[in-house]
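*Asks:* Can you look at this prediction? I've put the sequence above it.
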Amino acid sequence: MKHPVLGLALTAALGFSTPLLAGGAPQNIHVYKSPTCGCCTDWVKHLEANGFEVKVTETENLNPIKLEAGLTPALASCHTAFVGDYVIEGHVPASDIHRLIADAPKARGLSVPGMPVGSPGMEMGDRKDPYQVLLFNEAGQTRVFSAHHQ
């Protein structure tokens with residue numbers, strides 16, 4: 001299986017073997033983030049606590065990765081990740097990523113645009129702003145995949 005953006009074989013791009021989730025989907029996720037972003041680091045910890053084996057690549061310039069992943073400015077957040085053939089943008093809860101893998105819809109990926117307070121990695125005390133996880137396709141069209149703190 002090829003990395004959807006970089007075109008590399010997934011096992012080589014991720015740097016480890018590919019354990020499987022139920023249904024045979026890869027459990028590995030490759031996260032691209034700024035080396036100074038604390039909320040991205042907290043999101044990685046959230047993924048690890050929820051069964052993902054995470055490889056992190058730190059970079060000062062995420063824009064080329066986001067562009068090649070087909071992310072529009074309206075979908076953008078602070079970090080970009082890849083799991084199987086899907087793009088995961090921003091503070092998407094691990095439960096939604098597990099559901100995406102299990103359901104395997106024809107889509108490009110999931111996004112939580114911006115940085116909503118109360119999303120994984122953006123915890124600030126008891127404050128939990130409502131936010132949506134968007135499923136998006138190759139054309140950048142979206143639909144609500146899930147809603148949190150409504």
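*Replies:* Structure's in. What do you need?

*Asks:* can you map out the helices along this structure?
*Replies:* 10-14, 38-49, 63-68, 94-103 (DSSP state H).

*Asks:* From residue 142, how far off is the closest residue to residue 39 other than its chain neighbours?
*Replies:* With CB to CB, 6 or more residues apart in numbering as the criterion, residue 39 has its nearest non-adjacent residue at 4.6 Å, and that residue is residue 121. Every C-beta, even on glycine, is put in place using the N, C-alpha and C of the backbone. Using CB to CB, to the nearest Å, we find residue 121 at a distance of 21 Å from residue 142.

*Asks:* For these two, indicate the residue with more neighbours.
*Replies:* A count of neighbours by other CB atoms under 10 Å puts residue 121 above the other of residue 121 and residue 142, at 23 against 19.

*Asks:* is it true that the more buried one touches residue 42?
*Replies:* Yes - using CB atoms under 8 Å, residue 121 is in contact with residue 42, at 3.9 Å.

*Asks:* middle-most residue in this structure, spatially?
*Replies:* The residue lying closest to the centre of the chain (CA atoms, centre = their mean) is residue 88, at 2.5 Å.

*Asks:* got the contact list for the nearest residue to it once chain neighbours are set aside?
*Replies:* Excluding its sequence neighbours, the residue lying closest to residue 88 (CB to CB, 6+ apart) is residue 81, at 4.2 Å. Residue 81 sits next to 29-32, 87-89 when contact means CB atoms under 8 Å, 6 or more residues apart in numbering.
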